[in-house]
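>>> sharing a sequence plus its predicted fold:
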Amino acid sequence: MARNTRVAAAPPHLGPERNDGDIFGEARVALDRHPDIPSAVHVHVAGGIATLTGGVATPGEQALAEETVRRVKGVRRVVNRITLARPINPKGLEPPDNR
């Protein structure tokens, strides 16, 4: 007596998995090529997870660095630990000039 057995199909192969060294190299080049990302931004890759550290002047630079690395093939997740080098006034205004 034949049994009706279902076997789940394997997910489609997306090509060879990239190693952390390759991902790091491409991420570092992408950060270095972007004129609006300071060289003080560092990247470390382990298990396809890219961790960003260092300091930037604005939240925009922080977000841009994260998005740049997120686009690198093989990055599974980005952990953004970039700090703002100078705090921004929450009202978005410069303090008054008291001269």
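It's in.
>>> what sits up against the longest helix seen in the chain?
The residue-count maximum for a helix in the chain (DSSP state H) belongs to helix 20-33. Residues from elsewhere that reach helix 20-33 (C-beta atoms under 8 Å, 6 or more residues apart in numbering): 37, 39, 41, 43-48, 50, 65, 68-69, 71-75. Backbone N, C-alpha and C define where each C-beta goes, glycine included.
>>> what packs against whichever helix or strand comes after it?
Next in sequence after helix 20-33, counting helices and strands by DSSP states H and E, comes strand 42-46. Other helices and strands packing on strand 42-46, by 3 or more C-beta pairs under 8 Å, 6 or more residues apart in numbering; DSSP states H and E, are helix 20-33, strand 49-53.
>>> can I get the ones you listed in a markdown table with mean pLDDT?
Shown next, in a markdown table, are those (pLDDT from 0 to 100):
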| stretch | mean pLDDT |
| --- | --- |
| helix 20-33 | 97 |
| strand 49-53 | 97 |
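>>> columns mean neighbour count on top of the ones you listed, output as a markdown table?
Output for these, formatted as a markdown table (neighbours: other C-beta atoms under 10 Å):
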| stretch | mean neighbour count |
| --- | --- |
| helix 20-33 | 16 |
| strand 49-53 | 18 |
